[in-house]
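In: The sequence and its predicted three-dimensional model are supplied below.
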Amino acid sequence: MKHSTTIPMTHSGVEHKSSVLKNMYKRLFKEFKKSQLGYSTIAIIGQSCLGSAAAMVLLMGTMDIILKMILLFFVTIFCMAFNGAVLAQLKPLTTFNLLILSVIFNTLVIFGHLI
C-alpha cells in the first residue's frame, strides 16, 4: 500500500467519537478488572447512594403514580442486579456492564426530574 494511488480517506466525526468512547470503555474495564474487589466495594456504596437519590427524586415528583412506580421498579432492579453480581462474584465484564447500566439509568432518572 506504500505506492498506492488511492485517495486517503479521513474519518468522520461520528466514527472518531465512537472510537473514543470505545477506548475509554476498554481502559475503564481494564482498570476495573485489575482491582475488581476494591472497585466493586467502592461502586456498591456509590451506586447505592445514586439509586437512593433517584428513588427519592422519583417519589417526590409529581408524575402519574403508575409511571412513577414503573421507574422506581427499574431503579431498584438495576441497583439490586449490580449488588447481586458483586455478591455472586460474576465475571468482571458482567459486573462492570451492570454498574454502567445502573449508573446511567439512575442519572437519567435524576436529571429527567430536575429539568
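Out: Looks like it came in fine.

In: following the least confident helix or strand in the chain by mean pLDDT, which helix or strand comes up?
Out: None of the helices or strands of the chain scores lower by mean pLDDT, DSSP states H and E than helix 13-34, at a mean of 84. Per DSSP states H and E, helix 13-34 leads on to helix 36-60 as the next helix or strand towards the C-terminus.

In: For the closest residue to residue 105 other than its chain neighbours, which residues are in contact?
Out: Spatial nearest neighbour of residue 105, excluding adjacent residues (C-beta to C-beta, 6 or more residues apart in numbering): residue 78 at 5.3 Å. C-beta here means a position set from N, CA and C on the backbone, and glycine is covered the same way. With contact taken as C-beta atoms under 8 Å, 6 or more residues apart in numbering, residue 78 is in contact with 51, 98, 101-102, 105-106.

In: Show me the shaky parts of the chain.
Out: 1-17 (pLDDT under 70).

In: name the element the spatially most central residue of it belongs to?
Out: The geometric centre of the chain, computed from its C-alpha atoms, lies nearest to residue 100 (C-alpha atoms, centre = their mean), at 1.9 Å. Element membership for residue 100, per DSSP H and E: helix 92-114.

In: Distance check, the residue nearest to the centre of the chain against residue 64.
Out: Distance from residue 100 to residue 64, counting by C-beta to C-beta, to the nearest Å: 29 Å.

In: Please export the C-alpha coordinates of the one helix or strand residue 76 maps to as PDB.
Out: Assessed by DSSP H and E, residue 76 sits inside helix 65-87. Below are the C-alpha coordinates for helix 65-87, written out as PDB (Å, rounded to 0.1, in the frame of the first residue of the first chain):
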ATOM      1  CA  ILE A  65     -48.300   7.100  40.100                       C
ATOM      2  CA  ILE A  66     -48.200   4.200  37.600                       C
ATOM      3  CA  LEU A  67     -45.200   5.700  35.700                       C
ATOM      4  CA  LYS A  68     -43.600   6.600  39.000                       C
ATOM      5  CA  MET A  69     -43.800   3.000  40.300                       C
ATOM      6  CA  ILE A  70     -42.500   1.500  37.000                       C
ATOM      7  CA  LEU A  71     -39.500   3.800  37.100                       C
ATOM      8  CA  LEU A  72     -38.900   3.000  40.800                       C
ATOM      9  CA  PHE A  73     -39.100  -0.700  39.900                       C
ATOM     10  CA  PHE A  74     -36.300  -0.300  37.300                       C
ATOM     11  CA  VAL A  75     -34.200   1.800  39.600                       C
ATOM     12  CA  THR A  76     -34.400  -0.900  42.300                       C
ATOM     13  CA  ILE A  77     -33.800  -3.800  39.900                       C
ATOM     14  CA  PHE A  78     -30.700  -2.200  38.300                       C
ATOM     15  CA  CYS A  79     -29.200  -1.400  41.700                       C
ATOM     16  CA  MET A  80     -30.000  -4.900  43.000                       C
ATOM     17  CA  ALA A  81     -28.700  -6.500  39.900                       C
ATOM     18  CA  PHE A  82     -25.300  -4.900  40.300                       C
ATOM     19  CA  ASN A  83     -25.200  -5.700  44.000                       C
ATOM     20  CA  GLY A  84     -26.100  -9.300  43.300                       C
ATOM     21  CA  ALA A  85     -23.500  -9.600  40.600                       C
ATOM     22  CA  VAL A  86     -20.800  -8.500  43.100                       C
ATOM     23  CA  LEU A  87     -22.000 -10.800  45.800                       C
END
